[in-house]
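A.B. asks: Quick one: sequence and predicted model below, then my questions.
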There are 2 protein chains.
Amino acid sequence: MSTRHRHGKAAHDVAALHTEAASRLAAVGQRFTSNRRLLVDALARADHPLSIPELLEATGDVAQSSAYRNLSVLERAGVVAKVVTNDEWARYELTEDLTGHHHHLVCGSCGAVRDVVVPGDVEADLDRALAVLAKREGFELQHHRLDLVGVCKKCS
Amino acid sequence: MSTRHRHGKAAHDVAALHTEAASRLAAVGQRFTSNRRLLVDALARADHPLSIPELLEATGDVAQSSAYRNLSVLERAGVVAKVVTNDEWARYELTEDLTGHHHHLVCGSCGAVRDVVVPGDVEADLDRALAVLAKREGFELQHHRLDLVGVCKKCS
DNA sequence: CGCTATCTGAGAATGATTGAGAAAATGCCG
DNA sequence: CGGCATTTTCTCAATCATTCTCAGATAGCG
């Protein structure tokens, strides 16, 4: 997707993304190294969460263990989030405050995951309802995850 | 299918649950053996998805490999569903058409998962909105997963 | 009863992920 | 530019959940 429809406060361009990533890493005492930049760029380029193999291919020249290690560093720094799906690999994406809040279309047949943004008013209603619910349950709500599970265009 | 609280089929009592499980297994050419009954009963007793270790304890006397094997059989038969969380084990629960549609409160700090039911009107609105969205994306929507992530009472 | 297909349990195998330590890179100070 | 400290990367082996294998036990059926 790159450059097309990105919304609001999210990092609009690569430069902003980089400075933001760098400063979050710095906050945890880590540097924004070339490997990490490669990973972040690959994630920024994709419009869906990437698995380790995809990431290795997308970045070209990063050792597998480095990818694992650096992703976990980036996760600790709050730059990427691990998305656990039903298929065998963990997947990674940039955190929502870098990319905007979104959800996933999960294909039950091929395992593909694609991002979707639900209309703001739906999201707002949902947030309100969930906040009430959480309060009633004595649960401190941080965020929600909503996945649409079904069959993607390609598989049907 | 998800908006309805339960279509006539939902198993209200253990006996009904057993016949339903047996017939779904039969439909896939499998038997409802004692091990499988133990697993189903344990899941029915719990008010939250169980991990393999929990399940082994709750059933008392089932070999680990049998648990894995039988859960996957039960999954194929449409009796149980695998719930993937961010913590290390997969968790299992009875499928929604046996227990009623519900969501999860996921504690990001201790990994505990608890079931919640959101108010019917919220659910209905959400379903409607998601259906529109899915259609627009050329995605054949089967059901949705909504998890509330935060901190549970015990951890805060 | 005996046949046959299915199920069980113990352990081995698999495959994703992580850890530990050595090697390399980078930053810093003069 | 050197030397030293710190951080990062790489290699390789370990770990851990999950799946597979296979010999023996069981159930359903004639």
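C.D. replies: Right, received. Where do you want to start? Residues are numbered from 1 along each chain as shown, chains lettered A, B, ... in the order given.

A.B. asks: which residues of chain A score low on pLDDT?
C.D. replies: Applying pLDDT under 70 to chain A flags residues A:1-12.

A.B. asks: Find the residue at the geometric middle of it.
C.D. replies: Ranked by distance to the mean C-alpha position of chain A (Cα atoms, centre = their mean), the top residue is A:Glu93 at 2.6 Å.

A.B. asks: where does chain A come near DNA strand C, residue by residue?
C.D. replies: Applying Cβ under 7 Å from any atom of the strand, we find that chain A lies next to DNA strand C at A:31, A:33-34, A:51-52, A:64-65, A:68-69, A:72, A:88-90. Where C-beta positions appear, they are placed from N, C-alpha and C, glycine not excepted.

A.B. asks: Need the contact partners of whichever helix or strand the residue nearest to the centre of chain A is part of.
C.D. replies: A:Glu93 is part of strand A:90-94, with elements assigned from DSSP states H and E. Strand A:90-94 has contacts (Cβ atoms under 8 Å, 6 or more residues apart in numbering or on different chains) with A:17, A:40, A:43-44, A:46, A:48-52, A:55, A:71, A:75, A:79-85, A:99, A:113, A:115.

A.B. asks: cool, stretch A:25-45 as well?
C.D. replies: Taking Cβ under 8 Å, 6+ apart as the rule, stretch A:25-45 contacts A:1-2, A:11, A:14, A:17-18, A:21-22, A:50, A:55, A:58-62, A:66-67, A:70-71, A:73-74, A:76-77, A:79-80, A:92-94.

A.B. asks: any idea how far DNA strand C is from A:Asp115?
C.D. replies: Distance from A:Asp115 to DNA strand C, counting by Cβ to the nearest atom of the strand, to the nearest Å: 20 Å.

A.B. asks: can the helix or strand hosting A:Glu123 be found next to chain B?
C.D. replies: Using DSSP H and E, A:Glu123 sits in helix A:120-137. Yes - on the criterion Cβ under 8 Å from any Cβ of the partner chain, helix A:120-137 is in touch with chain B at A:122, A:125-126, A:129-130, A:133-134, A:137.

A.B. asks: Can you name every helix or strand that the helix or strand just after that helix contacts?
C.D. replies: Sequence order places strand A:140-151 as the next helix or strand after helix A:120-137, per DSSP H and E. For strand A:140-151, the packing partners by 3 or more Cβ pairs under 8 Å, 6 or more residues apart in numbering or on different chains; DSSP states H and E come out as strand A:103-107, helix A:120-137, helix B:120-136, strand B:140-151.
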